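Undergrad: Here is my input; please provide its structure:
(one chain, ligands or ions: 1)
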Amino acid sequence: MQTHDIRKRFLDHFIKAGHTEVPSASLLLDDPNLLFVNAGMVPFKPFFLGERTPPYSRATSVQKCVRTLDIDEVGITTRHNTFFQMAGNFSFGDYFKREAITFAWTLLTNSVDDGGYGIDPQKLWPTVYLDDDEAEAIWRDEIGVPAERIQRRGMKDNYWSMGVPGPCGPCSEIFFDRGPEYGVEGGPEADEDRYIEIWNLVFMQNVRGPGGGKDNYEILGPLPKQNIDTGMGVERVACLLQGVDNVYETDLLKPIIDLAAELSGRAYGAGSHDDDVRFRVIADHARTSAMLIGDGVLPGNDGRGYVLRRLLRRVVRSMRLLGTGDDKATMGTIIGKVIDLMAPSYPELETQRRHIVDVAVGEETSFAKTLAAGSKLFADAATATKKASRTTIAGADAFTLHDTYGFPIDLTLEMAAEAGLAVDQEGFTALMAEQKQRAKADATARKTGHADLSVYRDFLDRGPTEFTGFDELVSEARI
Ligand code: SER
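TA: Numbers count the residues shown, from 1 in each chain. As a prediction, this is how the structure comes out:
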């Protein structure tokens, strides 16, 4: 079953059950806690909190989502995408647990001829929150799932929240058993590679306070109404229904891998783990980049723009590591392919084709210049480090690469890791801080006509600052 069909069946199922179809919101919805929309319920948050009255009591959507917190997992695991589609059904003070569970179960297990996904019920394992006897009883007594296939899990796995303060509640997740070749028996508690989470049903009923940490909840009290927020991972369901090994081999991503293979002259799945990871990174990151540019992001040096820049640059580097020559531009062709694949569900990509391709190609061109300028210095630094029997590239080299050649520290870290080396990040950060102080002092001197030396004293007193890097930019770390 193709991804576009999975999407359509989802929407049809819930429209039939009285839900209003709501188009996906932009990835850039304004929420102080979020860099990008990262769940289907984000656009509905004010309805859950009772801040606004929804024009419907039941809604369904397939929301574009971006999560970059797990960027380093992309291509390595079978199921991490930086862009994904979350299909959801929502009840605003209308139905609650019983209907939410029944709606999900019927869509998953109804036959394909009957509008469902035709999944064998024996392969499905629900989980419920520790004390949620009610949800467990519905699964066991009304749906008929054997008690031994229902697992109870704690706050970390089965209590969902968005932001602090924000709506929250216990949840029930549905896992698909991929079979013994994927891991050990025993349900999701035993192995989340074999048992893949496909759908999360959140019984949104409370407001979370500033408890801090994922496990440290402070429940401030109940929401004005009991609500339902569910999220089904469209790519994961596609992976399982298409019987492919991982999400990158599904129908909307595999053609990008095939194109990258054609452009680079290397084969996917030919025995090189590193190459296969690069192919999957290209497919994932190129798609996320096209979707971000389509929603108005431009490459930049901080915030959203930096995330896009990093994604595009990783595509360029991965293509080069697959053997495309330094002068070979491939971005335009790759992004064009992404648009061909995604436009049937997101027609706005077609109307913006020219802009999306131009922005991506512009970044490829400027990054090529950066690489041409800095790669020799990097290679010299790496060789000198190895010659001296050291394993860490000096902070001063990383700083020069950044300061003179425009190499972001992430790039130096990645290239060092590929060469089997580390980077003295503390040294790098200290030099960056020094430079900042110098700039500040210069500005003061320009203003007052004499140098303000106190800033140096202040810097020396504080000592080196900690490098928090990319994570600091990614605000989903806060939810
Ligand atoms: N909000 C929940 C999630 O993102 C269910 O939609 O998993």
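
Undergrad: Residues of the stretch 201-350 of the chain that sit close to the ligand?
TA: Residues of the stretch 201-350 of the chain lying near the ligand by Cβ under 6 Å from any ligand atom: V202, D229, T230, G231. All C-beta atoms are positioned from the backbone trio N, CA, C, and that covers glycine.

Undergrad: Check this protein and tell me which residue is nearest its centre.
TA: Centroid-nearest residue in the chain, with Cα atoms, centre = their mean: R67, separated by 2.2 Å.

Undergrad: measure the residue nearest to that one when sequence neighbours are not counted to F83 for me?
TA: In this structure, R67 finds its nearest non-sequential neighbour in N38, 4.9 Å apart by Cβ to Cβ, 6 or more residues apart in numbering. Distance from N38 to F83, counting by Cβ to Cβ, to the nearest Å: 10 Å.

Undergrad: Likewise for R320?
TA: From R320 across to F83, the span is 23 Å (Cβ to Cβ).

Undergrad: between these two, who's got more neighbours?
TA: A side-by-side neighbour count of R320 and F83, using other Cβ atoms under 10 Å, places F83 first with 25 against 18.

Undergrad: ok, now which ones touch the more buried one?
TA: By Cβ atoms under 8 Å, 6 or more residues apart in numbering, the contact set of F83 is K64, C65, V66, D284, R287, T288, M291.

Undergrad: let's see 6 Å
TA: For F83, the contact set (Cβ atoms under 6 Å, 6 or more residues apart in numbering) comprises V66, R287, T288, M291.

Undergrad: Ok, E364 next?
TA: Contacts for E364 were tallied using Cβ under 6 Å, 6+ apart; they are V316, A329, M331.

Undergrad: Reformat the residues you listed as CSV; add neighbour count, pLDDT and distance to I15.
TA: Converted to CSV, those look like this (neighbours: other Cβ atoms under 10 Å; pLDDT from 0 to 100; distance: Cβ to Cβ, whole Å):
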residue, neighbour count, pLDDT, distance to I15
V316, 24, 95, 42
A329, 14, 92, 44
M331, 23, 98, 38
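
Undergrad: just the residues you listed now: which is nearest I219?
TA: The closest of these to I219 turns out to be V316 (Cβ to Cβ; 46.5 Å).

Undergrad: Going along the chain, name the strands of this structure.
TA: Applying DSSP state E to the chain gives strands spanning 20-21, 58-66, 83-92, 124-129, 151-153, 159-161, 166-177, 195-209, 218-233, 392-393, 422-423.

Undergrad: neighbouring strands for the last one, and are they parallel or not?
TA: Spelled out, it's strand 422-423. Strand pairing for strand 422-423, determined by DSSP bridges: strand 392-393 (parallel).

Undergrad: avg pLDDT for the strand it pairs with?
TA: Averaging pLDDT along strand 392-393 gives 96.

Undergrad: Repeat that for stretch 45-64.
TA: On average, the pLDDT along stretch 45-64 is 95.

Undergrad: Stretch 259-277 too?
TA: What stretch 259-277 shows for mean pLDDT is 96.

Undergrad: Can you give the contact residues for that stretch?
TA: Contacts to stretch 259-277, defined as Cβ under 6 Å, 6+ apart, come from residues G75, I76, I257, F279, I282, L322, G323, T324, T330, K337.

Undergrad: Tell me the buried residues in that stretch?
TA: Counting neighbours by 16 or more other Cβ atoms under 10 Å, one finds that the buried residues in stretch 259-277 are L259, A260, A261, L263, S264, R266, Y268, D275, D276, V277.

Undergrad: and the residue of this structure nearest the ligand?
TA: Closest residue of the chain to the ligand, Cβ to the nearest ligand atom: G231 (2.5 Å).

Undergrad: bridging residues for that residue?
TA: Legend: beta-bridge partners of G231 under DSSP bridges are N200.

Undergrad: picking that back up, hang on, the residue nearest to the centre of the chain packs against V37?
TA: No - using Cβ atoms under 6 Å, R67 is not in contact with V37; the gap is 9.7 Å.

Undergrad: If you rank every helix and strand of the chain by mean pLDDT, what lands last?
TA: Least confident element among the helices and strands of the chain, by mean pLDDT, DSSP states H and E: helix 454-462 (a mean of 35).

Undergrad: what about the helices in the stretch 251-400 of the chain?
TA: Assigned by DSSP state H, counting those that start in this stretch, the helices in the stretch 251-400 of the chain fall at 254-264, 273-294, 303-321, 331-342, 348-351, 353-387, 395-405.

Undergrad: Name the stretch among these that sits most buried.
TA: Highest mean neighbour count among the helices of the stretch 251-400 of the chain (mean count of other Cβ atoms under 10 Å): helix 273-294, with a mean of 25.

Undergrad: So what's the gap between it and the chain middle?
TA: Counting by Cα atoms, centre = their mean, to the nearest Å, helix 273-294 is centred 12 Å from the centre of its parent chain.

Undergrad: what number of residues lie near A147?
TA: As a burial measure, A147 scores 9 neighbours (other Cβ under 10 Å).

Undergrad: now it, nearest residue through space, not along the chain?
TA: R140 (5.4 Å).

Undergrad: D424 too?
TA: Closest residue to D424 apart from its sequence neighbours, by Cβ to Cβ, 6+ apart: G395 at 4.0 Å.

Undergrad: Spatially nearest residue to D12 (excluding sequence neighbours)?
TA: Nearest non-adjacent residue to D12, counting by Cβ to Cβ, 6+ apart: G115, 6.3 Å away.
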